[in-house]
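Undergrad: Following is a predicted model, sequence given first.
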Amino acid sequence: MSGSEGSSGHSAVGEAQTAPSAAGRDKKKEKARVSRTSLILWHAHQNDIAAVRKLLEEEPSLVNARDYDNRTPLHVAAIHGWIDVAKCLLEYKADVNAPDRWKNTPLADAEGAKTSHMIELLKSYGGMSNGHNGSHFEPRPVPPPLPNKCDWEIDPPELDFSSSTLIGKGSFGEIVKAGWRGTPVAVKRILPNLSDDRLVIQDFRHEVNLLVKLRHPNIVQFLGAVTEKKPLMLITEYLRGGDLHQHLTEKGALNPSTAINFALDIARGMAYLHSEPNVIVHRDLKPRNVLLVNTNADHLKVGDFGLSKLIKAQHSHDVYKMTGETGSYRYMAPEVFKHRKYDKKVDVFSFAMILYEMLEGDPPMSHYQPFEAAKYVAEGHRPMFRSKGSIPELRELTEQCWDADMNKRPSFLDILKRLEKIKETLPSDHHWHIFTS
């Protein structure tokens, strides 16, 4: 999960030299074992054959280690097409037909990812295609944005990085403020060493294809992309006000009228994304991905569509099998965390968490680490309202938006109507001033 809150790297946890009791020793051994499980899965993911072999030499049973989704190192290698890693695992007697939590075998994952050499290798070891062709793996067969030169293709020399500043950094690249034809812009730049990675290129092109189609006052505006030269770059308008996370960290709880106006801007952008027939599920709606147009904080836009999913909706209540645990844990809907089928209402849940944070001034479940917060929410718990000045109708709307049953959550069009009504009932001196800038 690139750039997601709560994601973490893996590091070795050494075994302690001494322990006060047998129980203590067992606990430390268990901790070390779990760490080594994470390590072999991580090294398999990174295509680090030397590290995988070293771990297997020390502890051959790690060949069938399992992650949270019951995936083995062979599943990980199969999905990415890492042939040498797979051969090493098979040499150490990896279970070629191990089922993950979706009942997919490594061969089913390889077929889902269309890694032809891996398919041949696994079949030669007796691999069977049980499962759903890698149902949890989402191949996005997105072609290059357009075969011919597009009017939005930007020639790299046009971009001025002479006084650039870093805005954000993620697993696959960085976002910097730069200049383009005399205008400040935000440039998402893919790391040079990843510019040949098939999945990274696929995700980049997917985001470009999505952004090209979007035109709305509450959606960050796409300006162009560099797709023909490296590094790959995506250029959007630069918004001077920073992100909502930063704003809330500085300001704390917002007064009800400001919170309502912020919520209206977010809901307008999301209602546009959710409009049929081409529904776009954002899947990573959180304060860091909501941007303030200027320092007056009078206008918000929804941005960062790296994890978004474009769906041709046949019916308004279609439910889709998409990648579980997509997005940021603290704002994640329970059905996503639990790897269940979900629809566009996952964004409504995330919206509720943002609305709560605007009203309370603290992130939801702030006393928990992000992963633990998502787990606690998936078990049926919700953040507690503490501020005395909050409006009951806003509380009620928030609670409906984070309902455990996604079918009971309102649509963004309904949310807009409700917010407008609540806004009308506010005393006039609390109304937001409209800025012309």
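TA: That came in fine, so what should we check first?
Undergrad: Mind listing the residues bridging to residue 190?
TA: residue 173 (DSSP bridges).
Undergrad: So for it, what's the pLDDT?
TA: Turning to residue 190, the model gives it a pLDDT of 85.
Undergrad: and what of residue 173?
TA: Per the predicted model, pLDDT is 78 at residue 173.
Undergrad: Pretty sure it sits against residue 189.
TA: Yes: with contact defined as Cβ atoms under 8 Å, residue 173 reaches residue 189; the gap is 5.2 Å. (Each C-beta comes from the backbone N, C-alpha and C, glycine too.)
Undergrad: Which one's more surrounded, the two?
TA: Higher neighbour count among residue 173 and residue 189: residue 173, with 25 against 21, using other Cβ atoms under 10 Å.
Undergrad: and the more buried one, how far is that from residue 231?
TA: According to Cβ to Cβ, to the nearest Å, residue 173 stands 8 Å off from residue 231.
Undergrad: what touches both of the two?
TA: Listed as contacting both residue 173 and residue 231 by Cβ atoms under 8 Å, 6 or more residues apart in numbering are 189, 190, 191.
Undergrad: that older thread, overlap in contacts, residue 173 and residue 189.
TA: Common neighbours of residue 173 and residue 189 (Cβ under 8 Å, 6+ apart) are residue 231.
Undergrad: What sits closest to residue 286 if chain neighbours are left out?
TA: Of all residues not flanking residue 286 in the chain, residue 331 sits nearest, at 4.4 Å (Cβ to Cβ, 6 or more residues apart in numbering).
Undergrad: so who does the one you found touch?
TA: 5, 285, 286, 349, 350, 353, 354, 364.
Undergrad: Mind pulling up the pLDDT for it?
TA: Residue 331 is given a pLDDT of 93.
Undergrad: So residue 266 belongs to a helix, correct?
TA: Yes: counting by DSSP: H, G, I helix; E, B strand; the rest coil, residue 266 is located in a helix.
Undergrad: where does the stretch 51-200 of the chain dip in pLDDT?
TA: 68, 130-149, 170-171 (pLDDT under 70).
Undergrad: now do 80
TA: 67-70, 101-102, 112-113, 130-150, 168-173, 192-200 (pLDDT under 80).
Undergrad: ranges for the helices of it?
TA: Secondary structure of the stretch 51-200 of the chain (DSSP state H, counting those that start in this stretch): helices located at 73-80, 83-91, 106-113, 116-124, 198-212.
Undergrad: quick one: contacts of stretch 371-385?
TA: Under Cβ under 8 Å, 6+ apart, the answer for stretch 371-385 is 6, 329-330, 332, 334, 337-338, 353, 356, 359-360, 364-365, 368, 395, 399, 402, 404.
Undergrad: Comparing the helices of the stretch 51-200 of the chain, which comes out most buried?
TA: helix 73-80 (a mean of 29; mean count of other Cβ atoms under 10 Å).
Undergrad: Map the structural domains onto the sequence of this structure.
TA: Domain assignment for the chain, taken from automatic domain parsing, gives 23-124, 156-237, 244-430.
Undergrad: In TSV, list these along with distance to residue 150.
TA: Shown next, in TSV, are the domains of the chain (distance: least, Cβ to Cβ, whole Å):
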stretch	distance to residue 150
domain 23-124	26
domain 156-237	8
domain 244-430	18
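Undergrad: quick one: buried residues of the longest strand seen in the chain?
TA: As assigned by DSSP state E, the longest strand anywhere in the chain is strand 159-169. Going by neighbour count (16 or more other Cβ atoms under 10 Å), the buried part of strand 159-169 is 159, 167.
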